[in-house]
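[1] I'd like to go over a predicted model; first the sequence, then the structure.
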Amino acid sequence: MALQISATNPEHPALLLELPWDVPLEEWPEHYLVPLPRGISRHVVRYARAGTEVVAVKELAERPALREYELLRSLDRLNIPAVDPLAVVTGRTQGDAPLEPVLITRHLNGSLPYRSMFETTLRPATMHRLMDALAVLLVRLHLAGFAWGDCSLSNTLFRRDAGAYAAYLVDAETGELHPRLSDGQREYDVDLARVNISGELLDLEASGALHPSVDPIEFGTEIYRRYQGLWQELTRTSVYPAGKHHHIDRRIRRLNELGFDVAEMQIAHSSNGDTVTFVPKVVDAGHHQRQLLRLTGLDAEENQARRLLNDLESWMATQDDYAPGDPLAARPEVLAHRWVREVFRPTVRAIPRELRGSMDSAELYHGLLEHRWYLSERAQHDIGLDTAVEDYVQNILPKVRDPLTPTTDDPAAPSA
């Protein structure tokens, strides 16, 4: 059988032909290889350079190689974080001896296997964020109907992207794609992840590579708990009466309390009410400040920025030209500046200057949003910004003492 390279992109076969397919992968010369960290695997895996690309090459039988290739392509169409499949090479021989086919995927720039991350001296707080990102990946896979069947620290890549923590699927060999997963399928998949993760952490502990404060069994169980909480919050029925956006705010707050932020929110309008869906993400410290500054030009403290971004996301989801992923829809930056012009600035300007004290615009708006949420919860309907501003000006701001304004008994106050 002649050498055959099956690829979706016509450019890839030409690049891949440069690699030594007539040599077993384990014996490839060093000058073809790229020394990148790998997780443990039942197959021989190597990183190699093909033209300007760094690719991961895995030897396995033809049928599972073709099956995994198609599964990875399906995950890509579903916009699931996973490595990009490039090709399957079959018909390899060394002289007259047949060699196993290989699956080729593109190396994810700036990524590391989860296992190698745990082999370094990481703070426990960082490790928990890594697990949060992995819980998000499992939830997204299950929402798409994909049962992984082999989630582990070695089969998952980690990457930080603009302050966000993201986990990517590497190995889809044991995966199955269904229209919908049953509760039993999900439970089995998550429990298998718990066992695999605890097992690898125990292995790292035995080698002395694990931080002494990390309990491998408890850590594996924690991802199960994080997954369950996130799954419940994301999938429970959320049909709200039209206009009661304080319910949406409550959902966002609940996700924040679980340690997650909202990467994307969609509101579907129907005769019965508004159905809301969320896409979660795990972020690094200072992410909200950077994101708010990039989108709106507003410079705020981290908690202020988080609250303003939540309000911006809620407002964007109600706009007719907001359609994430649609290249013809308005860009987030355009919508963000419209929000600043039409919502943020008019609201801040409605607050009399004599009542602002030393509070900047971001702090005023943050306090106003908190007050609006409180009043809406009490009234059980969204009271709107105008009503919130009126009550905030009449009943809250007059009672707030500006910490930068000295009183008569303040020793720093100027004498009469």
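    Received the coordinates, thanks.

[2] Where does pLDDT dip in the stretch 251-400 of the chain?
    257-286, 323-329, 358 (pLDDT under 70).

[3] Please enumerate the helices of it.
    With DSSP state H, counting those that start in this stretch as the criterion, the stretch 251-400 of the chain has helices at 287-296, 302-317, 332-339, 345-349, 361-379, 384-391.

[4] Minimum distance to residue 107: which of those has it?
    The minimum distance between residue 107 and these falls on helix 287-296, with 25.2 Å, by Cβ to Cβ. Every residue, glycine included, has its C-beta placed from N, CA and C.

[5] Of all the helices of the stretch 251-400 of the chain, which one comes closest to residue 60?
    helix 287-296 (38.3 Å).

[6] Near the residue lying closest to residue 150 once chain neighbours are set aside, how many other residues are there?
    Using Cβ to Cβ, 6 or more residues apart in numbering and skipping residues adjacent in sequence, the residue nearest residue 150 is residue 174, 4.3 Å away. Neighbours of residue 174 under the rule other Cβ atoms under 10 Å: 15.

[7] and if you look at the one 4 residues further on?
    Residues contacting residue 178 under the criterion other Cβ under 10 Å number 11.

[8] just to revisit the earlier point, please identify the most buried of the helices of the stretch 251-400 of the chain.
    helix 302-317 (a mean of 21; mean count of other Cβ atoms under 10 Å).

[9] pretty sure residue 288 is touching residue 309, no?
    Yes: Residue 288 lies in contact with residue 309 (Cβ atoms under 8 Å); the separation is 5.7 Å.

[10] Now do the helices for the stretch 51-200 of the chain: every range, in order, please.
    So, for the stretch 51-200 of the chain - with DSSP H, counting those that start in this stretch - the helices run 62-77, 114-118, 124-143, 183-207.

[11] Which of those helices sits closest to residue 218?
    For those, proximity to residue 218 was assessed by Cβ to Cβ; helix 183-207 is nearest, at 8.6 Å.

[12] I would like the residues contacting the helix or strand following that closest one, please.
    As assigned by DSSP states H and E, the chain's next helix or strand after helix 183-207 is helix 216-235. Residues from elsewhere that reach helix 216-235, judged by Cβ atoms under 8 Å, 6 or more residues apart in numbering: 127-128, 131-132, 134-136, 138-139, 142-143, 186, 190-191, 193-195, 197-199, 201-202, 204-205, 210, 251, 254-255, 258-260, 277-278, 280.

[13] Tell me the buried residues within those residues.
    Taking 16 or more other Cβ atoms under 10 Å as the criterion, what is buried in these is 127-128, 131-132, 134-136, 138-139, 142-143, 186, 190, 193-194, 197-198, 201, 204-205, 210, 251, 255, 258-260, 278, 280.

[14] Tell me who's in contact with the nearest residue to residue 204 once chain neighbours are set aside.
    If you skip the residues right next to it in sequence, residue 204 has residue 210 as its closest partner in space, 4.3 Å away by Cβ to Cβ, 6+ apart. By Cβ under 8 Å, 6+ apart, the residues touching residue 210 are 118, 201, 204, 216.

[15] do you know how far the closest residue to the second one other than its chain neighbours is from residue 320?
    I take that to be residue 201. In this structure, residue 201 finds its nearest non-sequential neighbour in residue 216, 3.5 Å apart by Cβ to Cβ, 6+ apart. Residue 216 sits 50 Å away from residue 320 when distances are taken as Cβ to Cβ, to the nearest Å.

[16] Which one's more surrounded, the two?
    More crowded of residue 216 and residue 320, by other Cβ under 10 Å: residue 216, with 19 against 7.

[17] Next one, pLDDT for that one please.
    In this prediction, residue 216 carries a pLDDT score of 90.

[18] do residue 134 as well
    On pLDDT, residue 134 comes in at 89.

[19] so what's it up against?
    Listed by Cβ under 8 Å, 6+ apart, the contact partners of residue 134 are 114, 151, 156, 167, 193, 223.

[20] low-confidence ranges in the stretch 51-200 of the chain?
    In the stretch 51-200 of the chain, residues with pLDDT under 70: 120-122, 124, 161-164.

[21] change it to 80
    In the predicted model, the stretch 51-200 of the chain carries pLDDT under 80 at residues 79, 110, 117-129, 160-166.

[22] List the contacts of residue 38.
    45, 47, 113, 116, 154.

[23] Make a PyMOL selection of the buried ones in those.
    A single PyMOL command selects the buried members of these (16+ other Cβ under 10 Å):
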select buried, resi 45+47+113+116+154
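
[24] need the contacts of residue 38 in CSV with distance to residue 372, can you?
    Compiled in CSV, these are given as follows (distance: Cβ to Cβ, whole Å):
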residue, distance to residue 372
45, 53
47, 52
113, 45
116, 46
154, 47
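
[25] of all the contacts of residue 38, which comes closest to residue 93?
    Nearest to residue 93 among those, with distances taken as Cβ to Cβ, is residue 45, at 20.9 Å.

[26] This completes my enquiry, with thanks.
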